[in-house]
Structure formats: structure tokens, C-alpha cells
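In: sequence and predicted structure below; questions after.
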Amino acid sequence: MHQPDALFSGLQPAAVWKHFATLCRIPRASKQEAALRDALLTWAGGRGVGAEIDPAGNLVIRKPATPGREHCPGVVLQAHLDMVCQKNSDSAHDFSRDPISPDYREGWLVAEKTTLGADNGIGVALILAVLECDAMVHGPIEALLTVDEEAGMGGARGLAPGVLQGRLMLNLDTEDWGEFYLGCAGGLDVNVARSAQAEPLASGGEGWRLVLSGLRGGHSGVDIHEERANAIKLMVRVLRSLEAAFPLHLSELRGGTARNALPREAEASFVLPHGAGDRLAVAVAEFQETLRGEYRGVDDALHLAVAPCPIALTLPVAEQRVWLRSLHAAPHGVRRMSCQVPGVVETSNNLGMVDLGPAGGACNFMVRSLVDSASRALADEIVSLWALSGTSVETSGYYPGWAPNPDSALLKTCQAVYRRDFGADSTVKVIHAGLECGIIGAKYPEMDIVSFGPTIRGAHAPGERVEVASVERCWRLLTAILAELC
């Protein structure tokens, strides 16, 4: 493992990686961006550029135009400060205090056991490098660095009309170099909660703990079409099978740690009759082989492990049935592919988290769609499913999709610069992931918006990595577009 300072000092462009190194040092989980935001506010003050924190907690930094270019169109550079915090179960990393420790491998910067935060830290670093560079030619620049994007887009939601003056916006939050994005999915959350009266452990039983691990996980929007396994859905399948073979009393079921990440791990504890251990071990081993066969080539490291554990309380059997049957029946994955944008997911759902104990618990579904009415319809299906058992359900966090504008003048400029400077044609895409562009565009309907970024793989999962060469190309492209707009 490289020492962080030595690692970053060898990467180009140095100005961008210097700022990404700062982001790696300062924890920035969603809703906990204050330390980073305050550090950047102080940095902006030292640079002599105007900066403010808006009522929603976003940081807005304004850099005047190059002298003589004040008449050029104002450009908003936009990225979000927070990152998804995911780690492997064998990692002791504490995202509230520990720095991210990446390594360099064959042209990629990677965090082995945690997320890297390249999503969207590279975008932030690119913007900070622009604000710091005195050699660039550009018109008026506004940097909009939002908070709470990964946990509900709270910063973009709270952005007030009239804060931004620019009418062109470059969002730097996509993950495939050479592609310009012109539209994205909207969505909402479905939150389920149900309470119960815990029951004491019945005599004649023994406790067991079952762990499912080794899944790839990933971004619930970008990777949903790859049919990667969902640890929660698979754990429920196993439990229902065991429930049919044994008098099983569930105590706990937990899985997933982020609403917008495919669950990689899940665990359950339950009570079986004394002497059932040998049969249980055989059943678990058989199920592991079955699941590995189903997900061969997708999640080959899938692993099931069972061991004795102490249990004092269990969930009532009637509640156990409601939870296991409802979670088993609940949708997950791609619902519909787009007819308007071939090859792109239109509507999907991620069962991202469950936290169930003897006294009840909660789970979360994140619904996405390029068609706003379709996301609401799928969310209503989930609400209706749980309503059959009288379960409390709420929908929250709705945000609109970003409708493509194929006549975008900014897009034409971006494409022309890319063709001129890189000798190839770029592609135009619509992404199933949620970007803040739709929310910001709804507040600033006259704003022309395009999104691009470096090549990032494994976002929202441990092992996240960014291609170093693509960051350098993004820097060249960004500075060239700003100059062209003058």
C-alpha cells in the first residue's frame, strides 16, 4: 500500500489529484459533509474568491471571468460532496473518522476494502482545480457543490431558484469517459416499518446465525441491469426453504447498508430444535451450490456460512410469515427496458436495506425510472403489497427525471471540442442512475445542462476504482470546453 501523499504526488494532472487527496483525508458521508465543506469554504476565502453556504447546506463558489471575458456566458460547474460509504465485513474502517486509503494498480486508483469516493470526488476535484487555475481563459464560473446527494438529493432539493446566475451547466458526475449524458432517471423511496411484540426463546431450541457474503454489489442504477445477486432476496429464499424443513423461529434479519447500493451481504439468526445442526449444515451447503449455479459468472464468490449463536428473543411466528413472504414477493431489479432509448433501463427497483429484530423492523426500496409516472406506479405496487398485511408504508424523496434535450447548444459545443481535441466522436447517453440535473433543471428551466466524467467502475461498492488516464482527459476536455465557450 502506498503512502497517500506519495501516491497522489505521482499522478497527473497534479492540480486535480491534489484536491482528491484532500477529499480522501476528510470524511464525507452523506449528511456529514460539514467538515469538508467548511475546509473548502476556508480554502476559497484564501483564494480570494466569493463563497457562501446556502440554506440547504450547499457550497457555492464564484470565480470572476478572465479579464475581458466578462461578456461570455456564465457556466455552473456542479458535483456533490458526499460519498457512499460501503466496506467489506472484515474491514475495520470507520467512515466517520478514517481517511480513505487507495492504491494504484495498472492505471487505476482503487480502494480495496471500502468505497473510494471517486463518485463524486473526482468531479469535485476537477472543479476545485478550475477554480484554482489562473492560466485558464473562461467566462464567469459558479461552482455548485451539493450535499446529501447519495442519501436523497437533499442539497439539490433545497437549492433555491435565483441562487445561480449561469445558464449553462456542466455536471461532472457520470462514469464513462467519452460519453456525454443528456438525461437520467428520477425516482423515490418506499419505506416499510412494522412493529411486533418480541417473544422469549422457547425451551428445547438452539440458536443459529447464517451469513451470506461474497456478492459483488454495486450501484443500484448503473449496475441493476447486470442481474447481480441481491443478498437480502437470496437470504429470504434460504430462510423460507429452512422454514419449510424445520420449525424455525426467526430472531433477526439484516442486510444492505445503503439505499442506492445493491446489497452484498445479509445475515439472519434463528432458533431450531435441538439436534438439528447436522441437517442444517447439509441444507445450507446444498443451497450454496444451488445459488452459485444460478449466479455463475456473475457472483462466483457467493458464500453461505452457519454457526451456533446465543438467542434470547424471537419474532412472533405470524410476524415472521408476513416479513418473509412479503420480502420474497417484493420486486427487485429491472422492471422495464426503455423503448425510446434502446439498451437503457427505463424502470427498476432496489430492495436495498432490511433491519429486522424480535420487536419488528424496517426495510427500504429505491425505485427509479426515466418516466416519472412509471416510478410512481411501481412504488404504488410495493405499497399495495405491504398493505395486504396492514403494514405501515410511506413514500418519500421523490425527484424528477432529467428529460433529454437533443437540441442542446451546449451538447453541440461539447461534441465539437471532443472531436477536435481527441480525434474521435463521442456518444450521447441517457443514464438510469439519478443525477441532480433533473432537480436543478426543474428549478432553472432555461438552463442548458450536459454531464460527463472519467471512467469509474464499482461505484457504491468496495473495490471502487477510477481510471487515472481518463481523469487527465476529463481535465483537458473541461478546460477546453470552458475556453471554447468564450
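Out: That came through, no problem. Numbering: from 1, shown residues only.

In: for the stretch 251-400 of the chain, which segments count as helices?
Out: With DSSP state H, counting those that start in this stretch as the criterion, the stretch 251-400 of the chain has helices at 277-294, 317-329, 372-387.

In: I'd like those helices laid out as a markdown table, including distance to C24 and mean pLDDT.
Out: Every residue, glycine included, has its C-beta placed from N, CA and C. Below are those laid out as a markdown table (distance: least, CB to CB, whole Å; pLDDT from 0 to 100):
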| stretch | distance to C24 | mean pLDDT |
| --- | --- | --- |
| helix 277-294 | 35 | 97 |
| helix 317-329 | 36 | 98 |
| helix 372-387 | 34 | 97 |
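
In: out of these, flag the one nearest E206.
Out: helix 277-294 (7.5 Å; CB to CB).

In: list the helices and strands that closest one packs on?
Out: strand 205-213, helix 231-245, strand 303-308 (3 or more CB pairs under 8 Å, 6 or more residues apart in numbering; DSSP states H and E).

In: please repeat the previous calculation with a cut-off of 6 Å.
Out: Applying 3 or more CB pairs under 6 Å, 6 or more residues apart in numbering; DSSP states H and E, one finds that helix 277-294 contacts strand 303-308.

In: compare the helices of the stretch 251-400 of the chain and give me the one nearest H19.
Out: Nearest of those (CB to CB): helix 372-387, 34.9 Å.

In: now that closest one: how far from the chain's centre is it?
Out: 21 Å (CA atoms, centre = their mean, to the nearest Å).

In: any idea how far A329 lies from E394?
Out: 19 Å (CB to CB, to the nearest Å).

In: the stretch 101-250 of the chain: helices as residue ranges?
Out: Counting by DSSP H, counting those that start in this stretch, the helices of the stretch 101-250 of the chain are 118-132, 154-158, 231-245.

In: tell me the most buried of those?
Out: Sort these by mean neighbour count, taking mean count of other CB atoms under 10 Å, and helix 118-132 sits at the top with a mean of 26.

In: so what secondary structure elements neighbour it?
Out: So helix 118-132, by 3+ CB pairs under 6 Å, 6+ apart, packs with helix 14-25, strand 75-80.

In: quick one, which of the ones you listed gets closest to L210.
Out: helix 14-25 (35.5 Å).

In: ok and the next helix or strand after the closest one relative to helix 118-132, angle-wise?
Out: Going down the chain from helix 14-25, the next helix or strand is helix 34-47, by DSSP states H and E. Helix 34-47 runs at 20 degrees relative to helix 118-132, counting by axes from the mean of the first three to the mean of the last three CA atoms, to 10 degrees.

In: buried sites along helix 34-47?
Out: L36, R37, L40, L41, W43, A44 (16 or more other CB atoms under 10 Å).

In: what angle separates that helix from helix 14-25?
Out: 150 degrees.

In: what helices and strands are in contact with helix 34-47?
Out: Helix 34-47 packs on strand 59-63, going by 3+ CB pairs under 6 Å, 6+ apart.

In: can you tell me which helices and strands the strand it packs on packs against?
Out: Checked by 3+ CB pairs under 6 Å, 6+ apart, strand 59-63 has helix 34-47, strand 50-53, strand 141-146 packed alongside it.

In: mean confidence score for it?
Out: On average, the pLDDT along strand 59-63 is 98.

In: what's in contact with it?
Out: Residues outside strand 59-63 that contact it (CB atoms under 6 Å, 6 or more residues apart in numbering): 37, 40, 44, 49-53, 131, 141-145.

In: now which of those would you call buried?
Out: R37, L40, A44, V49, A51, I53, L131, I141, E142, A143, L144, L145.

In: tell me the pLDDT at the last one?
Out: L145 is assigned 98 on the pLDDT scale.

In: so it makes contact with L81?
Out: Yes - using CB atoms under 6 Å, L145 is in contact with L81, at 5.3 Å.

In: before we move on, back to that, how about the helices of the stretch 101-250 of the chain in CSV, adding mean pLDDT and distance to N350?
Out: Below are the helices of the stretch 101-250 of the chain laid out as CSV (pLDDT from 0 to 100; distance: least, CB to CB, whole Å):
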stretch, mean pLDDT, distance to N350
helix 118-132, 97, 16
helix 154-158, 96, 19
helix 231-245, 97, 10
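
In: reformat those helices as CSV; add distance to W17.
Out: CSV is the format used below for the helices of the stretch 101-250 of the chain (distance: least, CB to CB, whole Å):
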stretch, distance to W17
helix 118-132, 7
helix 154-158, 25
helix 231-245, 34
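
In: low-confidence ranges, this structure, go.
Out: 1-5 (pLDDT under 70).

In: per the record, what domains does it have?
Out: 4-185+401-484, 188-399 (automatic domain parsing).

In: quick one on the thing from earlier: adding mean neighbour count, write the helices of the stretch 251-400 of the chain out as a markdown table.
Out: Output for these, formatted as a markdown table (neighbours: other CB atoms under 10 Å):
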| stretch | mean neighbour count |
| --- | --- |
| helix 277-294 | 14 |
| helix 317-329 | 18 |
| helix 372-387 | 17 |
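
In: which one of those lies nearest to G74?
Out: helix 372-387 (29.1 Å).

In: give me the contacts around that closest one.
Out: Contacts for helix 372-387 (CB under 6 Å, 6+ apart): 186-188, 190, 192, 326, 335, 347, 349, 365, 367, 369, 393, 395, 400-401.

In: for stretch 327-343, same thing?
Out: Under CB under 6 Å, 6+ apart, the answer for stretch 327-343 is 224-225, 230, 233, 236, 240, 344-349, 351, 370, 378, 430.

In: what about 7 Å?
Out: Outside stretch 327-343, the residues that touch it by CB atoms under 7 Å, 6 or more residues apart in numbering are 224-225, 227, 230, 232-233, 236-237, 240, 344-351, 354, 363, 365, 370, 378, 381-382, 385, 430.

In: what about that stretch, start to end distance?
Out: One end of stretch 327-343 to the other measures 29 Å (CA to CA, to the nearest Å).

In: could you do stretch 247-259 as well?
Out: 32 Å.

In: repeat that for stretch 178-198.
Out: Span of stretch 178-198 from end to end, CA to CA: 55 Å.

In: check the offset of that stretch from the chain's centre.
Out: 10 Å.

In: check stretch 63-79 too.
Out: 31 Å.

In: report the buried residues of it.
Out: Result for stretch 63-79 [16+ other CB under 10 Å]: buried residues K63, A65, T66, C72, G74, V75, V76, L77, Q78, A79.

In: on the three-state scheme, the fourth one is what?
Out: Which is C72. Using DSSP: H, G, I helix; E, B strand; the rest coil, the structure places C72 in coil.

In: buried residues in stretch 254-274, which are they?
Out: 254-272.

In: before we move on, the earlier item: for I26, find the nearest of the helices of the stretch 101-250 of the chain.
Out: helix 118-132 (10.3 Å).

In: would you list the buried ones among the contacts of strand 59-63 in TSV and tack on distance to F246?
Out: As requested, the buried ones among the contacts of strand 59-63 are exported to TSV (distance: CB to CB, whole Å):
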residue	distance to F246
R37	52
L40	56
A44	62
V49	66
A51	62
I53	56
L131	62
I141	64
E142	62
A143	59
L144	56
L145	53
